[in-house]
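**Student:** give me a model of this one.
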Amino acid sequence: MNQTLSPKPLGRENRIMVIDSLRGMALLGILMMNIPFFGKAFELHYNLDILGEYSGPNYWSWWVVNGLFEGTMRAIFSMLFGAGAILLLDRMEKKPLEGITPADIYYRRLIWLLIFGLINAYIFLWPGDILYTYAITGLFLFPFRKLRAPKLALFGFAFMVFATIQSTGKFSAAGETRLKGESALIAEKQNKKLTETQKKEKAAWIEFQQEHSKKHYKEKIAESDENMKKGYFEIQSELASVNKYIETTDFYTELFFDALAFFLIGMALFKVRFLTGDRSLQEYAAVAFFAYGIGLPLSYWIGKTAINNHFDPSLQWQTFNVNLYHVKRFLLAMGHISFVLILYKLRIANFLLKLMSNVGQMAFTNYLMQSLICTFLFYGYGFGLFGQLERYQLYEVVAAIWLFQIVFSAIWLQFFRFGPFEWVWRSLTYWTRQPFLKDQGSKIGAEN
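**Tutor:** Numbering: from 1, shown residues only. From the prediction side, this is the model:
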């Protein structure tokens with residue numbers, strides 16, 4: 001006979017510390033990827049050529065962030081999201097709640113997550129929100145929960161291949177535009193009469209060159225700098241079309257299969273006890289050696305090729321017939337995870353891991369807090385720093401926010417069972433007010 005319990009979420013005593021540490025590390029790392037979009041026009045986040053940032057602290061900060069971490073923190077966060085789904089459903093199916101099924105709780109959580117994602121995008125004004133993507137994609141995980149790790153990994157890598165095919169299609173379009181356009185121009189110089197198709201290809205190439213010229217980029221940047229210094233409602237109106245694009249076209253052509261692939265891989269890694277630190281030190285060392293051994297040179301090759309091609313996407317395609325972005329980020333993510341778990345196994349940096357664990361336990365709050373802090377710092381209705389800081393100075397802001405969130409999380413969890421947004425999310429999910437204070441949670445646990 002199944003035991004029935006009153007509705008309540010996972011308590012702190014039942015958490016897996018190392019998973020929270022990984023989540024905290026990924027959450028803080030995500031801010032490194034997001035800060036260029038918070039503080040500058042999106043055209044500048046990757047392209048060093050526009051402002052000629054080929055030396056000095058801007059250049060080296062670009063290499064550190066894009067060479068070591070770009071895409072990897074989101075990959076880790078996605079894998080942990082998949083692991084979290086298994087944790088929640090496994091616990092609830094073993095100890096079902098009275099009058100409610102695990103599916104009820106799971107889908108309520110995701111629906112509320114979707115709503116919070118919309119709030120983050122349209123109210124907090126962060127168009128790079130990932131909660132919406134996680135909520136929609138997470139709806140598809142429930143049927144996978146019972147699969148064994150090898151099948152989960154197989155599905156995960158299959159979806160990664162599909163995501164790679166999708167991104168390669170977008171990747172190769174610029175190269176094809178160049179090849180066809182230059183072919184038409186050569187024919188024209190040879191006094192050959194162009195066909196209607198060649199005329200269109202020539203026009204498309206000329207338009208591409210104009211849109212990717214430094215002059216055009218600088219005009220778009222100046223426009224963004226002006227728009228993002230306006231008031232709240234003007235900025236909200238400006239970003240509405242961006243949010244609409246990201247949550248529709250971009251979601252279905254890139255983000256969905258990207259997220260789903262890493263969710264499933266994370267579920268597989270959790271089921272083989274890789275993410276929980278239960279594998280041997282030798283296994284983690286072997287994975288780190290292999291992942292870094294391939295991932296770091298690949299990341300350097302991709303970055304160096306972009307620099308050599310002056311960030312021209314139509315030239316990048318000539319070096320890479322397949323977009324290796326997902327391969328690179330998976331390898332580096334596995335390297336980073338393994339490195340942290342090596343520290344955990346060797347009991348090195350336990351204090352740091354504990355601090356990261358606090359951040360990870362409040363990941364939902366800290367993620368939304370990053371939106372609130374950064375939009376207020378950079379947008380016109382706050383301090384209006386948008387476009388004012390150098391690339392490397394943005395990471396000084398990141399360091400300050402990291403320090404604040406680490407200290408805030410540690411102090412908050414001394415008194416409260418959950419972060420504020422976690423508490424709201426859980427209360428809405430379970431349709432009942434959850435205990436908030438630590439003492440309150442202890443008393444309820446004693447009564448049960």
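**Student:** looking at this, residue 366 is in a strand?
**Tutor:** No. Residue 366 sits outside any strand when classified using DSSP: H, G, I helix; E, B strand; the rest coil, being helix.
**Student:** residue 359 is in contact with that one, correct?
**Tutor:** Yes. Counting by CB atoms under 8 Å, residue 359 is a contact partner of residue 366 at 5.9 Å. Just so you know, the C-beta spots here come from the backbone N, C-alpha and C atoms, and that holds for glycine as well.
**Student:** shared neighbours, those two?
**Tutor:** 27, 28, 405, 409 (CB atoms under 8 Å, 6 or more residues apart in numbering).
**Student:** could you give the mean pLDDT of the strand or helix carrying residue 298?
**Tutor:** Mapping residue 298 onto the secondary structure by DSSP states H and E places it in helix 281-308. Across helix 281-308, pLDDT averages out at 97.
**Student:** same check on stretch 322-335?
**Tutor:** Mean pLDDT, stretch 322-335: 96.
**Student:** any idea how far that stretch is from the middle of the chain?
**Tutor:** 14 Å (CA atoms, centre = their mean, to the nearest Å).
**Student:** same check, this time on stretch 258-270
**Tutor:** Worked out by CA atoms, centre = their mean, stretch 258-270 lies 13 Å from the chain centre.
**Student:** what's the answer for stretch 23-32, then?
**Tutor:** 9 Å.
**Student:** outside of it, which residues touch it?
**Tutor:** Counting by CB under 8 Å, 6+ apart, 65, 69, 72-74, 76-77, 80, 130, 336, 340, 355-361, 363, 366-367, 370, 374, 395, 398, 401-402, 405-406, 409 sit against stretch 23-32.
**Student:** can you give me the buried ones in it?
**Tutor:** Residues 23, 24, 25, 26, 27, 28, 29, 30, 31, 32 are the ones in stretch 23-32 that count as buried (16 or more other CB atoms under 10 Å).
**Student:** CA atoms of it as PDB?
**Tutor:** Only the C-alpha atoms of stretch 23-32 are listed here, as PDB (Å, rounded to 0.1, in the frame of the first residue of the first chain):
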ATOM      1  CA  ARG A  23      23.900  24.400 -10.600                       C
ATOM      2  CA  GLY A  24      25.200  27.300  -8.700                       C
ATOM      3  CA  MET A  25      28.400  27.400 -10.800                       C
ATOM      4  CA  ALA A  26      26.300  27.200 -14.000                       C
ATOM      5  CA  LEU A  27      24.000  29.900 -12.900                       C
ATOM      6  CA  LEU A  28      26.800  32.300 -12.100                       C
ATOM      7  CA  GLY A  29      28.500  31.300 -15.400                       C
ATOM      8  CA  ILE A  30      25.400  32.100 -17.400                       C
ATOM      9  CA  LEU A  31      25.700  35.700 -16.400                       C
ATOM     10  CA  MET A  32      29.100  35.900 -18.200                       C
END
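**Student:** what's the mean pLDDT across it?
**Tutor:** 97.
**Student:** now do stretch 376-391
**Tutor:** For stretch 376-391, mean pLDDT rounds to 97.
**Student:** just give the closest residue to residue 404, not the sequence neighbours.
**Tutor:** residue 373 (8.0 Å; CB to CB, 6 or more residues apart in numbering).
**Student:** picking that back up, so for the helix holding residue 298, what gets flagged as buried?
**Tutor:** Within helix 281-308, judged by 16+ other CB under 10 Å, the buried ones are 284, 287, 288, 291, 292, 295, 296, 298, 299, 302, 303, 306.
**Student:** ok, now which ones touch the first one?
**Tutor:** Counting by CB under 8 Å, 6+ apart, residue 284 touches 338, 341, 342, 345.
**Student:** among those, the buried ones, what's the ChimeraX command?
**Tutor:** Buried residues within the contacts of residue 284, by 16+ other CB under 10 Å, are selected in ChimeraX with:
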select :338,341,342,345
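**Student:** hmm, back to that, quick one: which of residue 366 and residue 359 has more around it?
**Tutor:** A count of neighbours by other CB atoms under 10 Å puts residue 366 above the other of residue 366 and residue 359, at 29 against 26.
**Student:** the residue nearest to the more buried one when sequence neighbours are not counted: how many residues sit nearby?
**Tutor:** Excluding the flanking residues, the one nearest residue 366 by CB to CB, 6+ apart is residue 405, at 5.1 Å. When neighbours are counted by other CB under 10 Å, residue 405 registers 24.
**Student:** buried ones in the helix or strand where residue 405 lies?
**Tutor:** Per DSSP H and E: residue 405 is located in helix 391-415. Judged by neighbour count using 16+ other CB under 10 Å, the buried positions of helix 391-415 are 391-392, 394-395, 397-398, 401-402, 405-406, 408-409, 412-413.
**Student:** got CSV for those, with distance to residue 118 too?
**Tutor:** CSV is the format used below for the buried residues of helix 391-415 (distance: CB to CB, whole Å):
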residue, distance to residue 118
391, 30
392, 33
394, 27
395, 29
397, 26
398, 26
401, 23
402, 27
405, 23
406, 28
408, 25
409, 25
412, 26
413, 28
